[in-house]
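K.L.:
Make a model of this:
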Amino acid sequence: MKSVYKHATIVMAVLVALNAQAAAPVSDLSGDSGSSIALSGNNGAIVPTGSLEDRVALLERTLNARLRLQADLQQQVDSLQGEVSELRGQLEQQTYQMEQSQERQRQLYQELDKVANSQPAAAAATPAAAGAASAPAAAANYSTNQDENQAYDAAVNMVLKEKNYDKAIPAFEGFIKQFPSSSYVPNAHYWLGQLMFNKGDRAGAAAQFSTVANKYSKSPKRADALLKLGMLAQLDGKKAEAKTFYEQVIKGYPNTSPAQLAKQSLSKL
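P.N.:
Next comes the predicted model:
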């Protein structure tokens, strides 16, 4: 924007100089002392006197000077318009990127709220329920390894409490490496997918969601992972692939929240 103001100042200065030049008295424009042209003022206007040829020559030179000045001014105006258009394009691009970032954050926060609301029910499950013949999903995820529980809770708290998403990624990756057989591993992969999606790493997010969907068919997060894979495919313009994922959610997990969202997304393809 500073360059725009600079050019505008130059244009104004040229116009002022032109008006000052037009108002100044001129006694000789030919440069030839033997054939000087006297100029007389007429209500502020410059009227050349002398022979017809000299006056025509003077008028031609004056006209050419005016035309050159107008050409220079037009060039500067075109340059200013180009800079304004470029700035407008940059502003539109930044606005679009900001909207995309806000949308990714909104989707992540929705998932965080869903997980936060489900935690009280999971905490209410007791170890005794884990030994029952028909154990609920929350009890199935219970671990008696305190180190394992603490490591997983620490990673989750980086997201839910500390809001430190950048540190949460290596925390979940470290948990998976340290406890590869943990029942929390599918959830850790899903968290990683969410966090990477929020950072704009679609390929990394798709890899994490695919791990949940393909390796952990009994995970309660599989439906959400399939839904996210459909969303990623849709964002990449892969409508046929997105349709396949949405249909898997609807068919495999009917009457669930992921299935309802899949139906809504499928109707927009």
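K.L.:
Give me the below-cutoff pLDDT ranges for the stretch 1-150 of the chain.
P.N.:
Applying pLDDT under 70 to the stretch 1-150 of the chain flags the ranges 1-50, 96-146.
K.L.:
swap the cut-off to 50 and go again
P.N.:
For the stretch 1-150 of the chain, residues meeting the criterion pLDDT under 50 lie at 2, 4-5, 7-8, 11, 14-18, 20-38, 116-142.
K.L.:
Would you map the helices across this structure?
P.N.:
2-23, 52-124, 127-130, 137-140, 146-160, 165-178, 185-199, 202-215, 222-235, 239-252, 257-267 (DSSP state H).
K.L.:
Nearest residue to residue 151 in space, please, no chain neighbours.
P.N.:
residue 175 (5.1 Å; C-beta to C-beta, 6 or more residues apart in numbering). C-beta: built from backbone N, CA, C; applies to glycine.
K.L.:
Tabulate the helices of the chain (a markdown table), appending mean neighbour count.
P.N.:
Formatted as a markdown table, the helices of the chain follow (neighbours: other C-beta atoms under 10 Å):
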| stretch | mean neighbour count |
| --- | --- |
| helix 2-23 | 11 |
| helix 52-124 | 12 |
| helix 127-130 | 12 |
| helix 137-140 | 15 |
| helix 146-160 | 17 |
| helix 165-178 | 16 |
| helix 185-199 | 23 |
| helix 202-215 | 19 |
| helix 222-235 | 23 |
| helix 239-252 | 18 |
| helix 257-267 | 16 |
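K.L.:
Leaving out sequence neighbours, find the closest residue to residue 191.
P.N.:
residue 172 (5.3 Å).
K.L.:
Could you check how far the one you found is from residue 166?
P.N.:
Applying C-beta to C-beta, to the nearest Å, the value for residue 172 to residue 166 is 12 Å.
K.L.:
Residue 211 too?
P.N.:
For residue 211, the distance to residue 166 - C-beta to C-beta - is 21 Å.
K.L.:
same thing with residue 76?
P.N.:
For residue 76, the distance to residue 166 - C-beta to C-beta - is 47 Å.
K.L.:
ditto for residue 246
P.N.:
The value you get for residue 246 to residue 166, if C-beta to C-beta is used, is 31 Å.
K.L.:
try residue 54
P.N.:
80 Å.
K.L.:
One more: residue 87?
P.N.:
32 Å.
K.L.:
Then residue 256?
P.N.:
Distance, residue 256 to residue 166, using C-beta to C-beta: 31 Å.
K.L.:
for residue 196, same thing?
P.N.:
From residue 196 over to residue 166 (counting by C-beta to C-beta), the distance is 11 Å.
K.L.:
Repeat that for residue 180.
P.N.:
Taken as C-beta to C-beta, the span from residue 180 to residue 166 is 24 Å.
K.L.:
How about residue 65?
P.N.:
Counting by C-beta to C-beta, the gap from residue 65 to residue 166 is 64 Å.
K.L.:
now do residue 259
P.N.:
Counting by C-beta to C-beta - residue 259 and residue 166 are separated by 33 Å.
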